[in-house]
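Asks: Quick one: sequence and predicted model below, then my questions.
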Amino acid sequence: MASKLLEVLHTYQNHTLDSTRWHGYRPRADDIVIATSYKSGTTWMLEIVRRLVFLGRDAPFVDEIWLDARWHPLTEVMQQLEAQTHRRFIKTHLPLDGLPFYAQVKYLVVGRDARDVAMSLWNHYANYTDQFYARINDTPGRVGAQLPSCPQDIHQFWRKWITGGWFAWESEGYPFWSNLRHTQTWWNYRQLENILFVHYHDLLTDLPVEIRRIASFLDIVLPDESLTALMRAVSLDSMRRDAERLYPNLGQLWHGGVQTFYFKGMNGRWKDVFSAEELALYAETAARVLTPECRAWLEQGRLAFAH
């Protein structure tokens, strides 16, 4: 019997999200939910988990299940999810206060420094095609305003993103949803045994250690020889190469297709872009939204707690 924990406090419905779509979710005892705000390694984590789930077997391509994306017909998504006979892994961009939470489900929360998120999100948003805007804004059932066109200037985007929220209870993340607050809602329950935090920087700098942590959390035995093969398969170069074959329609959604979607995958580019005044806006928002421990982890990953 499903054992639901924690109370859902907010309903998230906008041009992209619809948290009510989770109402029909029926958890299985070994389900995996991968939670990020955005541009923090979601697709990378999905691929790591896919390879772990099918460890020792030919890993079939599995269509992404993003339950809270409102433009996918819900009936079809639920049928696809229920038809899966392998261990299921589901993507969400919802904060924990908008998501049904179950004791028997494993939750992988992936975080990244907000300043790096902004650089990646800017590239992502600035390259939306007209077809993607139409999908987001014109699919029936949208609640609230349309997603506005991306500003032509990254500094204009940054100032609004780091100081304004889409939902009334948010104060950053516009015109999508919160980024900092998203992580904090999960961080508040980090002591629960079925939540594991993984940082994007740690994946970049110490991939074998992070893969072993993830495998252990998911109760998957990972032999050394399997780890070596898995690391090759989930390198960013391999991800880009495979995406050309697996996602041939990305060019309809982003100018530049796969190269835009996967872009640089590096950290620290913000240091050469944002002024001291602009970075002060980040510091003010982070101090208001995050606890000191959560902020330290988002900015440094495991290094924040190494001493």
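Replies: Okay, I see it. What you see is a predicted model; the values in this text were computed from it and never measured. Residues are numbered from 1 along each chain as shown.
Asks: alpha carbons only for contacts and neighbour counts from here, please
Replies: Will do.
Asks: pLDDT below threshold where in this structure?
Replies: Confidence mapping of the chain against pLDDT under 70 gives the ranges 1-4, 240, 242-266, 307.
Asks: Could you pull up the residues touching the spatially most central residue of it?
Replies: For the chain, the residue nearest the mean C-alpha position is residue 36 (2.8 Å; C-alpha atoms, centre = their mean). In this structure, residue 36 makes contact with 42, 92, 93, 94, 109, 110, 111, 182, 183, judged by C-alpha atoms under 8 Å, 6 or more residues apart in numbering.
Asks: neighbour-wise, which of these leads?
Replies: Neighbour tally across the contacts of residue 36 (other C-alpha atoms under 10 Å): the maximum, 29 neighbours, falls on residue 111.
Asks: so that one touches residue 42, yeah?
Replies: No: assessed by C-alpha atoms under 8 Å, residue 111 is found out of contact with residue 42, at 9.3 Å.
Asks: got the buried residues for stretch 205-220?
Replies: Residues 207, 208, 210, 211, 212, 214, 215, 217, 218 are the ones in stretch 205-220 that count as buried (16 or more other C-alpha atoms under 10 Å).
Asks: meant to ask about stretch 119-127, not that
Replies: 119, 120, 121, 122, 123, 124, 126, 127.
Asks: do the same with stretch 159-178
Replies: The neighbour-count check on stretch 159-178 (16+ other C-alpha under 10 Å) flags 159-167, 170-178 as buried.
Asks: can you pull out the helices in this structure?
Replies: In the chain, the helices defined using DSSP state H lie at 42-53, 74-83, 114-126, 130-138, 154-163, 180-187, 200-205, 207-217, 224-233, 236-246, 258-262, 276-289, 292-300.
Asks: the inter-axis angle of the longest one versus helix 292-300?
Replies: If I follow you right, that is helix 276-289. If you take axes from the mean of the first three to the mean of the last three C-alpha atoms, to 10 degrees, helix 276-289 sits at 140 degrees to helix 292-300.
Asks: which strands and helices sit next to helix 276-289?
Replies: Contacts defined by 3 or more C-alpha pairs under 8 Å, 6 or more residues apart in numbering; DSSP states H and E place helix 276-289 against helix 154-163, helix 180-187.
Asks: Dump those into CSV; add distance to residue 137 as well.
Replies: As requested, the helices and strands packed on helix 276-289 are arranged in CSV below (distance: least, C-alpha to C-alpha, whole Å):
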stretch, distance to residue 137
helix 154-163, 19
helix 180-187, 23
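Asks: Residue 136: which of those helices is closest?
Replies: Nearest to residue 136, of all the helices and strands packed on helix 276-289, is helix 154-163, at 18.6 Å by C-alpha to C-alpha.
Asks: Touching that closest one from outside, list them.
Replies: Contacts of helix 154-163 (C-alpha under 8 Å, 6+ apart): 118, 122, 150-151, 171-175, 274, 278, 281-282, 285.
Asks: ok, now stretch 177-195?
Replies: Stretch 177-195 is contacted by residues 36-38, 94-97, 103-109, 111, 114, 165-167, 170-173, 196-197, 286, 289-291, 294 when judged by C-alpha under 8 Å, 6+ apart.
Asks: tell me the contacts of residue 110?
Replies: Counting by C-alpha under 8 Å, 6+ apart, residue 110 makes contact with 34, 35, 36, 40, 41, 42, 45, 197, 198, 199, 200.
Asks: So which of these belong to strands?
Replies: Mapping the contacts of residue 110 onto strands (DSSP state E) picks out 34, 35, 197, 198, 199.
Asks: So which of those residues wins on neighbours?
Replies: residue 35 (26 neighbours).
Asks: can you put the contacts of helix 154-163 in TSV and add distance to residue 53?
Replies: Formatted as TSV, the contacts of helix 154-163 follow (distance: C-alpha to C-alpha, whole Å):
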residue	distance to residue 53
118	31
122	32
150	37
151	40
171	37
172	35
173	32
174	35
175	35
274	40
278	42
281	41
282	38
285	38
